[in-house]
Structures are given as C-alpha cells and as structure tokens.
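Asker: Mind looking at a prediction? Sequence and model below.
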Number of protein chains: 2
Amino acid sequence: MAGIKLPPKFFLNSHHYVIQSLLRTQTQDYFKFLQDRICKNLETVDGTSRFSEDSWSHQNGGGGRSRVLQNGGVFEKAGVNYSAVDSILSGRMAERMNVQPQSIFATGISLVLHPFSPMIPTVHMNLRYLELANGDAWFGGGMDLTPYYLFDDDAKHFHRTVKTVCDKYDPDRYLRFKQWCDEYFTVKHRNETRGIGGIFFDYQRDDLKRFFSFLQDAGDNFLDTYLPIVKRRKTEPWGEREKQWQLVRRGRYVEFNLLYDRGTLFGLETGGRTESILMSLPPAANWIYDHRVEPASREERLINILQHPQSWI
Amino acid sequence: MAGIKLPPKFFLNSHHYVIQSLLRTQTQDYFKFLQDRICKNLETVDGTSRFSEDSWSHQNGGGGRSRVLQNGGVFEKAGVNYSAVDSILSGRMAERMNVQPQSIFATGISLVLHPFSPMIPTVHMNLRYLELANGDAWFGGGMDLTPYYLFDDDAKHFHRTVKTVCDKYDPDRYLRFKQWCDEYFTVKHRNETRGIGGIFFDYQRDDLKRFFSFLQDAGDNFLDTYLPIVKRRKTEPWGEREKQWQLVRRGRYVEFNLLYDRGTLFGLETGGRTESILMSLPPAANWIYDHRVEPASREERLINILQHPQSWI
C-alpha cells in the first residue's frame, strides 16, 4: 500500500508519529483477521451459501476486500468489507469536518447482514481508524440492530453483550455511545430510529492505544452479540404479511443510508468503490404509499418503540 | 391559503409585484387543472385502478393534493402531486441557493409513473413556480423518460414532442434544456444518467409571463409525449428476467432521488410531507451486489446509452 505524504511538521512529534504508524499497521491486520473470522462463522451459520470475494484498489492508493454472500439459507444478502484507502478530502468533505483539504488514510471493517426471514433482525457493524495528513487520528464505529419483528429478549441480549465490553473500559461508555447511536440512526423525515440501536462513536482521539484495545474487544465480541439471536429466531414462522412488512421497513433502511449515513456519503464523495459502499443496501425493498399498520399489532409496537428509544438494560 | 409576509421594499417595484401575485394564483389554478386532466386520462389508460387523494396542509401555510394509483392494470404505482406551500428557507438551504434565510412560496405539479411492465418506461414530470420574500421569482421543472428496455422509436417520440413545444418559444431552448437534463439526471457514482433524458430547467426568471405560457404548453403536451409509448408497449411480452432487470434499474432510480434530487432534498429539509415527497420512489426495487449484464444484450445496450447521452432528433 502506498503511504500518504506527511507534512514536515508531522515528524516533530515523534512519539505521536510512532504510535500512529504502528496503529496503521495494527488496525489493518486486525480488521483483516476479523473479516476472516466473521465470514467463516457466518458461512457455518448460513449452511448453504459461501462468501465470494472481490479485491479492489483505490485510485489514490490502497484498496480492499469486499465479501458478499447472497441467497443463502439464512442470509438473503450479507456483506463484510475490509478496506484501507489513501484518499483526498475534497473541499466539501473537508469543510464538513472543519479541516483544510488534505490527504486522509482510512481503514475499517464494515458489515451489514440482511437475513431472509423477517423474524431475524438486520445487523450492522463498522469499526474504523482514520488519519489526516495534519497528524490528527481517531477511531469511529459502532454496531446496531434493526428488527422487523421485535423480540424484547433479542434487544436485551444485544445491548447487554455490547454493554459488557464497554463497561471494561469506562462505566459511562455504554450509555454515552448508546445515546449517540439513537441520535445518529434517526430517520429524521420519518421521526423514528432506523432500528433499536446499540452503540455508535466517532472522533475518538484520546489515548488511541487504549481505544484500539476496546475496538478489538468489541469486534471480537460481535458474533456473540448477534449469532444467538439468529439461532433462536431462524425457526420462527412467518408468511406473506411478515415478508411485506420487512420489505417496507427495508425501504426505510435505504432512506437512512442514502440520505443520512456519513460513511455512505463519505465513500461516494471520495470516489470509493460504489459496489462495496452500496453493499449495505437490502436485496429488495418496497415503497407503498402511506403504508399503515393495524392498531395494536406487532408492527405498530415496533414503530412505537422506534419513535421512543428504550433502555434495554 | 395564508400568504407569506413580504418585506416593505418589495412593494416599491409595483409592476413586478402585480405580475407575481397574478402568477401565484394563475400557476396554482393551472397546476390543479393539469392534475385533474392527467389523472383522468391515466385512469382511462390504466383500465382497472383509480387514483385516491390525500389533501394535506403544511405547518407554515398552504398544502396540497397527493393522488396515487397503486396496483393498476398498467401502473404499479403512479403518483401525481399538486402543492402550494409557504415555507422557510433554512440556513443550509438558503446557503445552497446563495440567498439570506427567508420565507419562500412554492407551487407545482410533480408526477412519477411506474408501470408494472418493464417494457413501458417510467416517466417523471415536474413544473414549479417559486417566489422568495425578497421579490425574486422563477420557474423550474422538466420531464424525462426512464426506460428499462429501450425502444429507439419511444425515445425519439418523447424527445420530438418535447422539442416541438420548446421550438415555439426559442430555437435553442430544446437543446439547452436537453443538455441540462442529461447533466442534472446523472447518477454520479454509477457514471450513467438516470434515463434517456428529456428537458430540465431551473431559475427561469426572465419574462415570467412568457415562460408561464411555455410551461402550460409543456404541461398540456405531457400526455401526448407519454401515452403513445404506453399504448404501443403494453402488449410487449416480458418475463422474469425482464422484471428482475427493471427492479435493479429501479434501485438506481432510488439512488438518484435520495442522493441527488434537489426537489426531494428540498422537500425533506423544509419539513414537507414525507409520503408526498417519497411518492416518487418505485413500488419495489432490488440491489444485487455487482450485478452484470450479458455482453451484446438489450440490457448492455441500455447501459451504454445511459453512459453516452444521445441526440434523439
């Protein structure tokens, strides 16, 4: 991978520089390891389909490994991306981040799993490390759950396992990142959250070494937060009505990702690989004009909860 | 309808003001008339379904009539909106338009017709009139065609009938607005246009009276640009492969509308009625990872043309 050119002043702070060059290597190694581990486990759970991989390179340097499993036994579409890219912060993106236009290095793992059954929630995880040419560096990411039919036990399990990791580092971390997640994943024009949340964080630049340790714990923990939910819901019965509802809700997922998701917009605006960025979109989605749910139905309860984020602990 | 408050300086230019107040009434009357006419004709062509109407009001004043026909004989989802709304240009929107934050009046008709058959193209038309509190006023709009399977005769018919109206007003108008359309409806991250174009225009503020006359001609002409295409394609055979392709292409339609379409973003950011704004989205859309077309197929030819906008005259 081609490195970005660092400005001379960058080398003045040599301690900071050493940590960052180390992190650049270590984060990439970890994200690749995690991609392998997660894909292997998902194939076992899926039972019928396997991931196919596309390796690609970015115009400004670096590249990635996109892995997708489609039409499986459990997953209708599962994407697990790894990338490490040298890119240019354009005027508009730089302005949004309140810095001068400059080169940026970004590495991360990003996954979205869309199960076929409306009884199994969609899950999303992203873990990323970024470095600006001006020497600034930070972590971002999170993981969140998007059920179509809500089983309280699943929401509790997801939040509890995520909280356990957070608690090891900071007693306030879970709550701060949980609230950040509820705010971030708001579909503003619908006045509801995308799903039942989890954690979200960005611009984590204090004690990078320690935060990387947290990031690894969270990544290692991902399969335990999600797979038990898949296992207990995959035999849950469903029919045409439930599938229709899933397709309508997936439409909201598309709306969030294309209208509000920073990662998607950042990727598209910095000339990222379109197919890898939009891998997060569901395999199929519906838009029915003014869709209404039956009073006192399971569908209505889900919407109520998405309009009023809960404490799941 | 509640009027917006005009600043005192506005009344200094009384001639301009009289024209604008007249246009405000006349445009609304025309758009309502056109909505009635188009819906009536589409019901006849559809043969089985009828439009249902939702009347709604905007929080800051004004409102609209949203009409939708779903699951028809020809149209899977057809939306024809009329609205006349007093709204506030927020900081971000005002900045984008390079004016001070202020109240804005906007009236227009907007339609998107999604036929069930992949052999019949989707069509979009929007005609609008806007007035800022500072006295500025302009027209915008256009109409464009999005085929899934391209019949050259249809593209030619669409462009020719649109050109006829343009030519009555200005020999350059068609070409200018056609090029504007090809530029505007570019799905940047796919490096292709949304469809085979038509005309697009915005900020038309010279000789408002004459431009309104053009706008009415274009609106009156709409059914003649589109219905002959529906009539000759509705018996065209198609199967599973063609439907799948339509669903993939509709995914691109969603991408354009949510990522780039000014009207959609303007509507959502100014607190417009979500269901009316997103009525333009297709009833169903698919995202298949890294979808490829067969060499030398009709699908490949469509993509080639979307990557290289043609002259259809």
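Answerer: Perfect, I can see it now. Numbering: from 1, shown residues only, chains lettered A, B, ... in the order given.

Asker: what does chain A put close to chain B?
Answerer: A:54, A:68, A:70, A:77, A:79, A:188-190, A:247, A:251, A:254-255, A:258-259, A:265, A:268, A:274-275, A:277-279, A:281-290 (C-beta under 8 Å from any C-beta of the partner chain). All C-beta atoms are positioned from the backbone trio N, CA, C, and that covers glycine.

Asker: Type out the PyMOL command that picks the buried ones from those.
Answerer: In PyMOL syntax, the buried subset of these is picked out as below (16 or more other C-beta atoms under 10 Å in any protein chain shown):
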select buried, chain A and resi 54+68+70+77+79+189+190+247+251+254+255+258+259+265+268+274+275+277+278+279+281+282+283+284+285+286+287+288+289
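
Asker: Out of the residues of chain A next to chain B, list just those in strands.
Answerer: Residues from the residues of chain A next to chain B lying in strands, with DSSP state E as the criterion: A:54, A:68, A:70, A:77, A:79, A:284, A:285, A:286.

Asker: May I have the residues that are in contact with residue A:190?
Answerer: Contacts for residue A:190 (C-beta atoms under 8 Å, 6 or more residues apart in numbering or on different chains) come out as A:252, A:255, B:274.

Asker: let's see 10 Å
Answerer: Neighbouring residues of residue A:190 by C-beta atoms under 10 Å, 6 or more residues apart in numbering or on different chains: A:252, A:255, A:256, A:303, A:306, A:307, B:274, B:275, B:278.

Asker: can you check residue A:221 too?
Answerer: By C-beta under 10 Å, 6+ apart, the neighbours of residue A:221 are A:143, A:161, A:162, A:164, A:165.

Asker: Now flag whichever of those residues is closest to chain B.
Answerer: residue A:143 (21.4 Å; C-beta to the nearest C-beta).

Asker: Hmm, residue A:224 and the closest one touching each other?
Answerer: No: if you go by C-beta atoms under 10 Å, residue A:143 and residue A:224 don't touch, sitting 11.5 Å apart.

Asker: Mind listing the shared neighbours of those two?
Answerer: A:161, A:162.

Asker: who has more neighbours, those two?
Answerer: Higher neighbour count among residue A:143 and residue A:224: residue A:143, with 25 against 13, using other C-beta atoms under 10 Å in any protein chain shown.

Asker: Tell me which other helices or strands the longest helix seen in chain A touches.
Answerer: Taking DSSP state H as the criterion, chain A has its longest helix at helix A:14-46. Under the contact criterion of 3 or more C-beta pairs under 10 Å, 6 or more residues apart in numbering or on different chains; DSSP states H and E, helix A:14-46 touches strand A:62-70, strand A:75-88, strand A:103-115, strand A:122-132, strand A:137-146, helix A:208-233.

Asker: if you set the cut-off to 8 Å instead, what comes out?
Answerer: Secondary-structure packing of helix A:14-46 (3 or more C-beta pairs under 8 Å, 6 or more residues apart in numbering or on different chains; DSSP states H and E): strand A:62-70, strand A:75-88, strand A:103-115, strand A:122-132, helix A:208-233.

Asker: now these as CSV including mean pLDDT and distance to residue B:139?
Answerer: Listed next are those as CSV, based on pLDDT from 0 to 100; distance: least, C-beta to C-beta, whole Å:
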stretch, mean pLDDT, distance to residue B:139
strand A:62-70, 94, 45
strand A:75-88, 94, 38
strand A:103-115, 95, 41
strand A:122-132, 96, 43
helix A:208-233, 97, 52
